[in-house]
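Here's my sequence, what's the structure:
(2 chains)
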Amino acid sequence: GENVEQHPSTLSVQEGDSAVIKCTYSDSASNYFPWYKQELGKRPQLIIDIRSNVGEKKDQRIAVTLNKTAKHFSLHITETQPEDSAVYFCAATRFGELTFGSGTQLTVLP
Amino acid sequence: GAGVSQSPSNKVTEKGKDVELRCDPISGHTALYWYRQRLGQGLEFLIYFQGNSAPDKSGLPSDRFSAERTGESVSTLTIQRTQQEDSAVYLCASSLGRVGYEQYFGPGTRLTVT
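Just a heads-up that it's a prediction; the model follows:
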């Protein structure tokens, strides 16, 4: 089955700086890679996703890149704000059921 | 419109008891997923429904876990003879289709087995 590894587990950045979270996956047939943000005690919410036929996708301050050859994908958040503080999960899937990474606790320091 | 809802929001049960968790997906969403999230960890896939059939039960951790879905609507996850290691938040998600569609998560049911 699929295995997703996520790094780092914790990340602290100064407000206004950029944050990068990296994930690797094991199943070369995986074709959909969403990123979820989960605030404490709340449900995960999709922030951006990418399909295997695309190398990069951007939505305002958030971007995701995918390297199929190396089987890794990354989340980039620019101009971080305190409200970006949360746990971020990457995930991968071939058939629909998501395999999640272990999460990154992002803290944006004012 | 209404999102995914789950009930109860919290459940405390004694070891050995059975529990039933409910999920109401977004209307029109044919795909429904159950995940488990232990404290401070990522989400683990449990089971997937397409309509009322469950083609993928590969994530169910033991035969004490079962789930059913009525048509393309409500789903229930049942855990029999609960154990302390079953303590977790159980999250349900629904989507318009299987692959490449956003999964919308419910608020979860926090299960505590004492």
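
wait, what's in contact with B:Tyr101?
Contact analysis of B:Tyr101 by Cβ atoms under 8 Å, 6 or more residues apart in numbering or on different chains lists B:31, B:95. C-beta here means a position set from N, CA and C on the backbone, and glycine is covered the same way.

My error: substitute A:Asp17 in the last question.
A:Thr80.

interface residues of chain B facing chain A?
Residues of chain B found near chain A (Cβ under 8 Å from any Cβ of the partner chain) are B:31, B:33, B:35, B:41-45, B:48, B:56, B:58-59, B:91, B:95, B:97-100, B:102-108.

Write the PyMOL selection for whichever of these are buried.
Burial among the residues of chain B next to chain A is assessed by 16 or more other Cβ atoms under 10 Å in any protein chain shown; the matching PyMOL selection reads:
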select buried, chain B and resi 31+33+35+42+43+44+45+48+56+59+91+95+98+103+104+105+106+107+108
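
who's residue 109 bridged to?
Going with chain A. A:Leu109 has these beta-bridge partners by DSSP bridges: A:Gln14.

right idea, wrong chain: chain B
Assessed by DSSP bridges, B:Thr109 has beta-bridge partners B:Tyr90.

Can you say which helix or strand has the spatially most central residue of chain B in it?
Centroid-nearest residue in chain B, with Cα atoms, centre = their mean: B:Trp34, separated by 3.4 Å. Here B:Trp34 sits within strand B:31-37, counting by DSSP states H and E.

now A:Thr99: how far from A:Ser9?
In this view, A:Thr99 and A:Ser9 are 17 Å apart by Cβ to Cβ, to the nearest Å.

With B:Ala67 instead?
31 Å.

what do you get for B:Leu60?
When distance is defined by Cβ to Cβ, B:Leu60 is 27 Å away from A:Ser9.

more crowded one of those two?
The neighbour comparison of B:Leu60 against A:Ser9 (other Cβ atoms under 10 Å in any protein chain shown) goes to B:Leu60, with 19 against 13.

got a list of what the more buried one touches?
B:46-47, B:66-67 are the contacts of B:Leu60 under Cβ under 8 Å, 6+ apart.

Widest-spaced pair of these?
The most widely separated members of those, counting by Cβ to Cβ, are B:Leu46 and B:Ser66 (10.4 Å).

shared neighbours, these two?
Common contacts of B:Leu46 and B:Ser66, defined by Cβ under 8 Å, 6+ apart, comprise B:60, B:77.

between those two, which one's more packed in?
Per other Cβ under 10 Å, whichever of B:Leu46 and B:Ser66 has more neighbours is B:Leu46, with 22 against 14.

Quick check, that one in contact with B:Arg36.
Yes - B:Leu46 is in contact with B:Arg36 according to Cβ atoms under 8 Å; the separation is 5.7 Å.

what is in contact with those two at once?
Counting by Cβ under 8 Å, 6+ apart, the residues touching both B:Leu46 and B:Arg36 are B:61, B:90.

circling back to that earlier point, give me the contact list for the strand holding B:Trp34.
Contacting residues not belonging to strand B:31-37 are listed as A:96-98, A:100, B:23, B:25, B:43-50, B:61, B:67, B:69, B:75, B:77, B:88-98, B:101, B:103, B:108 [Cβ under 8 Å, 6+ apart].
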